[in-house]
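Chemist: One predicted model, sequence on top.
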Amino acid sequence: QVQLLESGGGLVQTGGSLRLSCAASEYTFKTYTMAWFRQAPGKEREFVAAMNMSESSAWYTYTPSVKGRFTIFRDVAKRTVLQMNSLKPEDTAVYYCAAGPLGGMVARDYDYWGQGTQVTVSS
């Protein structure tokens, strides 16, 4: 069973930084594409970033609105991290870690989800 455990998030002022982490098994990380999505109140769940570090390929991708500000990577503790810099009020949302075999940019491509963590950026 795939389990994703998120941590991080919180309240930060515009221009600040936050780091989100997603813990998963080594098997999960090597088998599936790992991604971050976010969902603001009244909006659909939106793709943020994804990475794939399987034996056959390695790639990263970001939605245009976060490119250059957010970075997805795997840290020494083997967690999938979303480092968020230069945060803006429009980044406010519940952020979800996800894992799936297809590696797309839509929520239906992912089979497993974390519980979500709130990120609030004040103006």
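Modeler: Thanks, I have it.

Chemist: tally of neighbours for the residue lying closest to E44 once chain neighbours are set aside?
Modeler: Distance criterion C-beta to C-beta, 6 or more residues apart in numbering; nearest residue to E44, sequence neighbours excluded, is A107 at 8.0 Å. C-beta coordinates here come from the backbone N, C-alpha and C atoms, glycine included. As a burial measure, A107 scores 17 neighbours (other C-beta atoms under 10 Å).

Chemist: Torsion angles phi and psi at A107?
Modeler: phi -60, psi -30 (degrees, to the nearest 10).

Chemist: List the residues that contact the residue sitting furthest away from the middle of the chain.
Modeler: Most distant from the centre of the chain: S123, at 22.6 Å, with distances by C-alpha atoms, centre = their mean. Taking C-beta atoms under 8 Å, 6 or more residues apart in numbering, we find S123 in contact with 14, 89.

Chemist: Okay, it and Y32: tell me how far apart.
Modeler: 36 Å (C-beta to C-beta, to the nearest Å).

Chemist: and if you look at A99?
Modeler: For A99 relative to Y32 (C-beta to C-beta), the value is 4 Å.

Chemist: Quick check: beta-bridge partners of W113?
Modeler: Going by DSSP bridges, W113 is paired in beta bridges with A98.

Chemist: no wait, A49
Modeler: W36, Y62.

Chemist: got the buried residues for stretch 32-47?
Modeler: Within stretch 32-47, the residues that count as buried by 16 or more other C-beta atoms under 10 Å are 32-38, 45-47.

Chemist: Let me see the contact set for the spatially most central residue of the chain.
Modeler: Geometric centre of the chain, nearest residue: W36, 2.2 Å, by C-alpha atoms, centre = their mean. Contact analysis of W36 by C-beta under 8 Å, 6+ apart lists 20, 22, 48-50, 72, 80, 82, 95-98.
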